[in-house]
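Student: give the three-dimensional model of this entry:
(2 chains)
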Amino acid sequence: MSYSKNTKIVITVVIVVILVAAITLGAYYMQQSQTPTKKYILIGMPLPLNSPIGVNMLDSAQLAVNQINGNGGVTINGTHYYLKIISYDTEEADPSIPVSNGISAMTALITQDKVNFLIGGYRSDVVDAELPIAAQYHTIYITFGADPEISTFVAENYTAHKYIFNGFVNATNQGIQYGALPVYMLLAYKEGLLKQNITNFAILGEQAAWTKVDIGNGGTSSPLYKPFEEVGFNVTYINYFPLSPPGGSYDSLFSQLADLNTQAIYILAAGTETPLLVSNWDSFNWSADKATGGMKPILMGADVMAEMEGKTYDYFNATNGGCNGEFTFGWGPMLPINITNSSIPFYNEFYSNYSFNPIFEDGFVYSAIYYLTQAIEKAQNLSSNAVIPYLEQTNYSGPAGLIKFSSSHGLIINLKPVPSVPAVAMQWHKDGKLYLVWSSLNPLTFTNIQLPNGTVVPKITVIL
Amino acid sequence: MNFFSLFFPIIIYGLLFGLNYALISIGFTLVFGVSKILNLSYGALYMTTAYMIYFFAVMNNLPLIISILISIVITILIGLAIFYTILKFTVNPMIFMVTMLLFALLLQYIYSYLFGGQVGLIIPSLFPNVSIGLFGVSINLSLLASSLISLLLIFLVSFWIYKTSIGRRIRATAEDPEVSELLGINTKQIIIIVLSISILLVSIASILLVPTQEVTPTMWVDPFVIAFAVSIIGGLGKFEWAIPAAFIVSFAEVISQYLIPYNVSDIVAFIIVILFIVVFPNGLGGARIES
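Tutor: Numbers count the residues shown, from 1 in each chain, chains lettered A, B, ... in the order given. Next up, the predicted model:
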């Protein structure tokens, strides 16, 4: 059989094309079969994502996940795993949202998404409702509520409830360090800043599980009443503040405080109502009531919303500048502070990624991803029961301080020689920026305090 | 704490808050009067105005007055659309009211989706956020202005209801819709007018009151609770009794805050409603609550 020249060329081209295609496809499939499918450790996060608080917590967890995955992930029995977060919005930063959202999120994460571990939770009553679900499904849940009941839950039935770990400072331990701050701060005011003796304190708490530890039933029976009185303060008022104040204004509450000659207001609030409270505090005409001598009370306390400074949410704008002068207390490197070697790198990494400051939970959430990963690697197992003994031995120096767990899985806070997990305080200045003014690492020294007249005092040390 | 340090704040705040509560509530009461239907989407319309102002004035930088006018128009259209959409499918009052509540929840989820459910949304105010002193009491100018505007609007609505021919037709429809129809009153038209006016009033309440608060997807609950409480206390559909009822709620809240050591102001409105249902089941105005 003889072919024409053209036919031979066509047959040659077709054969070449078929050969090239076959070789390419073969190489592709060989490569595919050599590339292992990525395996993931799933971390479920029930969070208030409708609020900047939850967004921050997710961001800090994602930062740690990206870093761990970037370094090759986790190896268990020779198999590489990467971390993956699945998060559900519980809307729990809004106090009017029922706890059922948190319960649904937990159940879905465990039963539908089949997550291996759970990290998250914010509002204490929501967290309290979530705990039995994690225990029921034998899934480790590292949570960040401040309610001491979280540890009580573990202690009352360790075998059934050992899956729960409280990765944040509980309200009792918070009170120990927070309580010292007003003493030193007002001494600073008395000795060097205002030359004024500030003694009359009002204490306002949001109606939440975590504030019950401090506010109790209100009045003189409140747990915070006696400690404040013992250090020389006169507690003029101690109670919860309403979430929906009469007439949509806190003016009538402040009118009471003015009548009681209140010179300082100490607030405990983690919910979303404080911008209104603080805006009213600023616009209230304190000089209208002669009892105060016209003095606008100093506003201080744990106000989570007041920690927000950045492009997603800015508390200064949310209060129409009303937070000018407010002090807020918190934990971890919310501004650059050298708590541990990882604090400032964490702050810088967080800020460069997200363009806003971390908040008080972020250093703890970031740490939780790391110490959980360490425990998994030590256990060489993804079963919660296998990981728990290693998680209990956690000794992790994270951005917020040294993380160690007690037998009831609460954070151990050593106070000496310096607090292992220190409190910090910041103040909003008239320039609309948040400044670090104090930390319990160096409790007698204050920096950058803005006085009521707008003057900023670079540094003052209290002499006891 | 002496007598006057209690007397003046209670009187002043009770009056100012009461005027605002009356503004929030009279539209709700009016609609029940003529249609015998509780507009359970009422709070959601208050929220709609706030979100619309946020959208136009803050997100799109339109002038505040123009944003307000557009927001009012949109709120009225949404309110009428909800009412007439439901009316197209049912005339059963119970199903009607439950569906209205469902629409309120739907709007909550829509705004939560559209605006990200974010907290901390603030809308601009027509008035400065500063306070003056009167009898030793601090009064926020924004609160004072909203109360004075509420007072003016209450007078205007009262005049409209009692001194105009359309007001007479509204009162006739409220008294007996069937007889009014026989007398040649277009009751459907009356319902549209009253519904529009009630939405206008709740929109104005939102414009006046929300700037000192925050815009959130759950913000509709508080004005709804106030409007509902005032309507029950005043007597369902009894417009003239809604005003004293509003003052009962406001004074009870303020007095409870001053005199009860534990914080109960969040639930005072509920407590008074329960008390009235037990003691004065027909409310101040004597309207019968049907079983």
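
Student: which bits of the stretch 151-291 of chain B sit near chain A?
Tutor: The stretch 151-291 of chain B comes close to chain A at residues B:209, B:212-214, B:216-218, B:221-222, B:250, B:253-254, B:257-258, B:261-263, B:265-266, B:268, as judged by Cβ under 8 Å from any Cβ of the partner chain. For glycine as for every other residue, the C-beta is placed from the backbone atoms N, C-alpha and C.

Student: filter those to the buried ones?
Tutor: B:209, B:212-214, B:216-218, B:221-222, B:250, B:253-254, B:257-258, B:263, B:265-266, B:268 (16 or more other Cβ atoms under 10 Å in any protein chain shown).

Student: mind listing what B:Ser265 touches?
Tutor: A:242, A:244-246, B:253, B:256-257 (Cβ atoms under 8 Å, 6 or more residues apart in numbering or on different chains).

Student: ok, which stretches of the stretch 1-150 of chain A are strands?
Tutor: A:39-47, A:74-76, A:79-89, A:117-120, A:141-143 (DSSP state E, counting those that start in this stretch).

Student: so which of the buried ones among the residues of the stretch 151-291 of chain B next to chain A belong to helices?
Tutor: Under the assignment DSSP state H, these contribute B:209, B:221-222, B:250, B:253-254, B:257-258, B:268 to helices.

Student: what's the most distant pair in these?
Tutor: Using Cβ to Cβ, those span at most 24.7 Å, a distance reached by B:Val221 and B:Tyr258.

Student: next, count neighbours for whichever residue of the stretch 101-250 of chain B sits closest to chain A.
Tutor: Of all residues in the stretch 101-250 of chain B, B:Gly133 sits closest to chain A, at 2.7 Å by Cβ to the nearest Cβ. Using other Cβ atoms under 10 Å in any protein chain shown, B:Gly133 has 15 other residues around it.

Student: would you mark the buried spots in the helix or strand hosting it?
Tutor: Secondary structure assigned from DSSP states H and E places B:Gly133 in strand B:131-134. Within strand B:131-134, the residues that count as buried by 16+ other Cβ under 10 Å are B:Ser131.

Student: list of residues touching that strand?
Tutor: A:251, A:283-285, A:287-289, B:12, B:138-141, B:144.

Student: given whatever helix or strand comes next after it, what are its sheet partners and their directions?
Tutor: Using DSSP H and E, the helix or strand that follows strand B:131-134 in sequence is strand B:137-140. Paired neighbours of strand B:137-140 in the sheet (DSSP bridges): strand B:131-134 (antiparallel).

Student: farthest-apart pair in the contacts of B:Ser265, please.
Tutor: Largest separation among the contacts of B:Ser265 by Cβ to Cβ: A:Ser244 and B:Ser256, giving 13.0 Å.

Student: those two: who's more crowded?
Tutor: Ranked by neighbour count (other Cβ under 10 Å), A:Ser244 and B:Ser256 place A:Ser244 first, with 22 against 19.

Student: returning to that earlier point: which of the contacts of strand B:131-134 tops the neighbour count?
Tutor: Going by other Cβ under 10 Å, A:Asp251 tops these with 29 neighbours.

Student: which residues touch it?
Tutor: A:Asp251 sits in contact with A:280, A:284, B:13, B:131, B:138-140, B:143, where contact means Cβ under 8 Å, 6+ apart.

Student: closest one of the residues you listed to A:Asn395?
Tutor: A:Asn280 (45.4 Å).

Student: hang on, isn't that closest one packed against A:Gly247?
Tutor: No - look at A:Asn280 against A:Gly247 with Cβ atoms under 8 Å: they stay out of range, at 10.8 Å.

Student: what residues does the stretch 251-400 of chain A have near chain B?
Tutor: Counting by Cβ under 8 Å from any Cβ, the stretch 251-400 of chain A comes close to chain B at A:251-256, A:258-260, A:272, A:275-276, A:279-280, A:282-291, A:305, A:308, A:313, A:315, A:317-318, A:320, A:322.

Student: ok, now which ones touch the closest residue to A:Ile369 other than its chain neighbours?
Tutor: Among residues not flanking A:Ile369 along the chain, A:Ala64 sits closest, at 3.6 Å (Cβ to Cβ, 6 or more residues apart in numbering or on different chains). When contacts are counted by Cβ under 8 Å, 6+ apart, A:Ala64 touches A:365-367, A:369-370.

Student: distance to B:Leu284 for the contacts of strand B:131-134 - can I get that in JSON lines?
Tutor: Supplementary listing: those in JSON lines, determined by distance: Cβ to Cβ, whole Å:
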{"residue": "A:Asp251", "distance to B:Leu284": "28"}
{"residue": "A:Ser283", "distance to B:Leu284": "35"}
{"residue": "A:Phe284", "distance to B:Leu284": "34"}
{"residue": "A:Asn285", "distance to B:Leu284": "35"}
{"residue": "A:Ser287", "distance to B:Leu284": "40"}
{"residue": "A:Ala288", "distance to B:Leu284": "34"}
{"residue": "A:Asp289", "distance to B:Leu284": "35"}
{"residue": "B:Ile12", "distance to B:Leu284": "24"}
{"residue": "B:Ser138", "distance to B:Leu284": "32"}
{"residue": "B:Ile139", "distance to B:Leu284": "28"}
{"residue": "B:Asn140", "distance to B:Leu284": "29"}
{"residue": "B:Leu141", "distance to B:Leu284": "32"}
{"residue": "B:Leu144", "distance to B:Leu284": "27"}
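
Student: lowest pLDDT pick from these?
Tutor: On pLDDT alone, A:Asp289 ranks lowest of the contacts of strand B:131-134, at 60.

Student: tell me the pLDDT at the residue of the stretch 301-450 of chain A found nearest chain B?
Tutor: Nearest residue of the stretch 301-450 of chain A to chain B (Cβ to the nearest Cβ) works out as A:Ala318 at 4.4 Å. The model reports A:Ala318 with a pLDDT of 83.

Student: now, the residues of the stretch 251-400 of chain A next to chain B that are in helices?
Tutor: Per DSSP H, the subset of these in helices is A:251-256, A:258-259, A:275-276, A:279-280, A:282-283, A:315, A:317-318.

Student: buried ones among those residues?
Tutor: By 16+ other Cβ under 10 Å, those give A:251-256, A:258-259, A:275-276, A:279-280, A:282-283, A:315, A:318 as buried.

Student: that older thread, the residue of the stretch 301-450 of chain A closest to chain B and B:Ala50, how far apart?
Tutor: Distance, A:Ala318 to B:Ala50, using Cβ to Cβ, to the nearest Å: 15 Å.

Student: ok, now which ones touch A:Ile176?
Tutor: Neighbouring residues of A:Ile176 by Cβ under 8 Å, 6+ apart: A:413, A:415.

Student: check what pLDDT it gets.
Tutor: Looking at A:Ile176, the pLDDT reads 79.
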